[in-house]
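Visitor: coordinates for the following, if possible.
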Amino acid sequence: MFLGLSRLRSCISKLITRQVSTSVADYAVEFELTGLQIRLLRLPDIRGEVVRKTLLVAFLSPCLLTACGSSSLPPPPAADFSVVVSPASVSTQVGGTTSAVTVSLLPQNGFTGTVNVTVSGFPNGINASPASPFMLTAGMPQQVTFSAPAAAGTFTVEFQGASGTLSHSANATLTVTPPQSPYLVSATYYPWYDASSFEYNVDCYNDTLRGELVPPELPILGKYDSHSEDVVTQQIAWSTAAGVNVWDLEWVMPNDSLDSTIQNTILTNPHISDLRFSILYDYAIRFNVDLNVTPDKIATIVSDFQYLAAHYFSHPSYLKVGQGRPVVFFYFSAALNPVSEIQQMVASIRTAMTAAGVNIYLIGDEYNALAPPDPTRISNWNGIFGYGVGLHYYGYSDDNGFLALHSTMYSQYQAVAKQLGVDFIPSVTPGFNDRATRRICANDPALARRTSAAAAEGSMFDNFLKDLALPYANNTQFKLVHITTFNEWHEDSQIEPSVVTGPTTTDTSATGTQYTQGLVYQGYGTTYLDILRNAIAVAKH
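Guide: All right, here's what the predicted structure looks like:
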């Protein structure tokens, strides 16, 4: 830098008398900061003796630091540190482990302490090694790897270092890729939970089976809130890692709490592009289980679908099949009457959607293993599925013929559907038990999650997938499979992870088995997600 004599004369004249042998009036001064020296250079037309060309930095630093107003030095900077990570990104596939991220401590201004490092920013189902927190000291970096047994997605991992009152962080990007799958696996997702009212508490609805077991077997996330971005992020990460690549979201009507949660929480989640979604149109709740289809109801349904077309179908993550056809699952259609009005209802939906520029793909809830296929009902739809595949059967599938029945009825329904040009969508469930929820208004039998009391947890679901659902999906146009459900805890049809416990047959009822009916239940962790992922991996496509 170049400084004029007028600014430095008074300071330099005091200091230079012992360093140079001529007047500074004849010189301009160039302070050239190179290493630890400042050079004082002479102009070409100087007179008199030559000024000494080199002054130590310490000699002139009082002038430079205080603009020659004072010779006092500032206090030394405080000891500090920074956290450094390398590389800036790592990746792996579900079931794999990343290469190492090196986490280093960079001391500053004489810092000699240790730093406690906490690693965060990734969901349950991904593990850091070593586990967080760990200690860092200067010159001893820590290598950290990430394994991903049960979650997928891209996450910003924060390495937060703290020492006393000092705190600094550094970030790295972690990407976990889900396994490739030829299937569309859609699981019904319920966005209705609130931590303060996780259970039904209206009319005959009370608690959940898992909350009434001894010991309780609650979700890993606890009694969670569906409005939480972190909850939805976690559920997406679990789903995609397991092969669930579609959520069919329960929807009842415009502008209610479910509609608001879907639009303002689920569809705004930063990870929503990791999967696709569709709508499960819940006729039963929309019309308070009034199963008689009327012109007034048809008008309401058409208006609802016009709303869906305007607010959902154009979303980039909405599930579309064929030539851009948005998919809607129509819940409870098999229970509706009369058939003539059902036909009018479906025709009216299609007419309204065509007017809106939408070629809709409607999947009716028509599969019922306890009744033969009805061509007059099936023919209304583009595809058929069976939400209630677990209803009306008690006990273990080795004893009750549950899987044998579905093997027979799958074949019958698929044959009729194929004749009509309708897609048969195989449906599967891990089990069913609503006895704690509807304890005073229903007496539905409990369908066990095991093939027998001694069998492995989830063995019925495993057989249902491998022997029926996936093989039948191979013969469908879109290889679409439906799972009842991702998170319906009130009917115990969920595959969402629970806490891990030992097996039990005991509940909190007066008899100790009113809700379990003596069947074995166990807190299962990620068992059902693992079963699904493994079944897809070994399926013959």
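
Visitor: which stretches of the stretch 1-150 of the chain have low pLDDT?
Guide: 1-71 (pLDDT under 70).

Visitor: which parts of it are helices?
Guide: 5-16, 57-66 (DSSP state H, counting those that start in this stretch).

Visitor: quick check: domain ranges of this protein?
Guide: Following automatic domain parsing, one gets these domains for the chain: 2-66, 80-177, 184-391+424-451+480-524.

Visitor: export the ones you listed to a markdown table and append columns for mean neighbour count and distance to residue 539.
Guide: C-betas here are computed from N, CA, C, even on glycine. Putting the domains of the chain into a markdown table (neighbours: other C-beta atoms under 10 Å; distance: least, C-beta to C-beta, whole Å) gives the following:
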| stretch | mean neighbour count | distance to residue 539 |
| --- | --- | --- |
| domain 2-66 | 14 | 69 |
| domain 80-177 | 17 | 16 |
| domain 184-391+424-451+480-524 | 19 | 10 |
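
Visitor: in a markdown table: the ones you listed, plus distance to residue 538.
Guide: Below are these laid out as a markdown table (distance: least, C-beta to C-beta, whole Å):
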| stretch | distance to residue 538 |
| --- | --- |
| domain 2-66 | 68 |
| domain 80-177 | 14 |
| domain 184-391+424-451+480-524 | 12 |
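
Visitor: tell me who's in contact with residue 223.
Guide: Taking C-beta atoms under 8 Å, 6 or more residues apart in numbering, we find residue 223 in contact with 193, 195, 198.

Visitor: out of the residues you listed, which comes closest to residue 462?
Guide: When the contacts of residue 223 are ranked by distance to residue 462 (C-beta to C-beta), residue 193 comes first, at 27.1 Å.

Visitor: nearest residue to the closest one in space, please, no chain neighbours.
Guide: residue 226 (4.4 Å; C-beta to C-beta, 6 or more residues apart in numbering).

Visitor: so that neighbour sits right up against residue 197, yeah?
Guide: No: proximity of residue 226 to residue 197 does not meet the contact threshold set by C-beta atoms under 8 Å, at 11.3 Å.

Visitor: the stretch 301-450 of the chain: strands as residue ranges?
Guide: 320-321, 325-331, 361-365, 383-385, 423-424, 427-428 (DSSP state E, counting those that start in this stretch).

Visitor: mean confidence for the second one?
Guide: Confidence over strand 325-331 (mean pLDDT, whole number) is 98.

Visitor: do the same with the first one
Guide: For strand 320-321, mean pLDDT rounds to 98.

Visitor: ok, and what's touching it?
Guide: So strand 320-321 is contacted by 184, 326-327, 361, 477-478, 480 (C-beta under 8 Å, 6+ apart).

Visitor: beta partners for residue 142?
Guide: residue 103 (DSSP bridges).

Visitor: tell me which element residue 236 falls in.
Guide: According to DSSP states H and E, residue 236 maps onto helix 229-242.

Visitor: now pLDDT and distance to residue 488 too, for the contacts of residue 223, in TSV please.
Guide: Formatted as TSV, the contacts of residue 223 follow (pLDDT from 0 to 100; distance: C-beta to C-beta, whole Å):
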residue	pLDDT	distance to residue 488
193	94	11
195	82	17
198	76	13
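
Visitor: ok so, going back, elements contacting the helix holding residue 236?
Guide: The contact analysis (3 or more C-beta pairs under 8 Å, 6 or more residues apart in numbering; DSSP states H and E) places helix 229-242 against strand 153-163, helix 527-538.

Visitor: the same query, at a cut-off of 6 Å, please.
Guide: When contacts are defined as 3 or more C-beta pairs under 6 Å, 6 or more residues apart in numbering; DSSP states H and E, helix 229-242 packs onto helix 527-538.

Visitor: surely residue 249 meets residue 189?
Guide: Yes: in this structure, residue 249 is within contact of residue 189 by C-beta atoms under 6 Å, at 5.3 Å.

Visitor: tell me the one of the contacts of residue 223 nearest residue 291?
Guide: residue 193 (27.0 Å).

Visitor: quick one on the thing from earlier: paired strands for the next helix or strand after the helix holding residue 236, with orientation please.
Guide: Sequence order places strand 246-251 as the next helix or strand after helix 229-242, per DSSP H and E. When sheet partners are counted by DSSP bridges, strand 246-251 sits next to strand 184-189 (parallel), strand 276-282 (parallel).

Visitor: quick check: next helix or strand after the last one?
Guide: Read it as strand 276-282. Criterion used, DSSP H and E; the element after strand 276-282 is helix 283-286.

Visitor: can you check the first one too?
Guide: With elements assigned by DSSP H and E, the helix or strand that comes after strand 184-189 is helix 209-212.

Visitor: now do that following helix, average pLDDT.
Guide: 96.

Visitor: so which of the domains of the chain is nearest residue 416?
Guide: Going by C-beta to C-beta, the one of those nearest residue 416 is domain 184-391+424-451+480-524, 4.2 Å.

Visitor: from the chain's centre, how far out does the closest one sit?
Guide: When C-alpha coordinates are averaged (C-alpha atoms, centre = their mean, to the nearest Å), domain 184-391+424-451+480-524 and its chain have centres 18 Å apart.

Visitor: same check on stretch 147-167?
Guide: From the chain centre to the centre of stretch 147-167 is a distance of 16 Å (C-alpha atoms, centre = their mean).

Visitor: so which residues make contact with that stretch?
Guide: Outside of stretch 147-167, the residues within contact range by C-beta atoms under 6 Å, 6 or more residues apart in numbering are 83, 85, 92, 94, 97, 103, 113, 115-123, 125-127, 168-172, 174-176, 178, 237-238, 240-241, 271, 274, 526.

Visitor: can you check stretch 255-269 too?
Guide: 191, 226-227, 232, 249, 252.

Visitor: distance to residue 399 for those - can I get that in CSV?
Guide: Listed next are the contacts of stretch 255-269 as CSV, based on distance: C-beta to C-beta, whole Å:
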residue, distance to residue 399
191, 36
226, 37
227, 42
232, 39
249, 35
252, 37
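
Visitor: which of the residues you listed sit farthest apart?
Guide: Within the contacts of stretch 255-269, two members stand farthest from each other by C-beta to C-beta: 232 and 252, at 19.0 Å.

Visitor: report the mean confidence score over stretch 473-488.
Guide: 96.

Visitor: end to end, how far does it reach?
Guide: 23 Å (C-alpha to C-alpha, to the nearest Å).

Visitor: for stretch 507-518, same thing?
Guide: 9 Å.

Visitor: residues in contact with it: which ones?
Guide: Identification of contacts with stretch 507-518 by C-beta under 6 Å, 6+ apart yields 209, 212-213, 435-436, 446, 505-506.

Visitor: which one of those residues is nearest residue 405?
Guide: Nearest member of the contacts of stretch 507-518 to residue 405, counting by C-beta to C-beta, is residue 446, at 16.8 Å.
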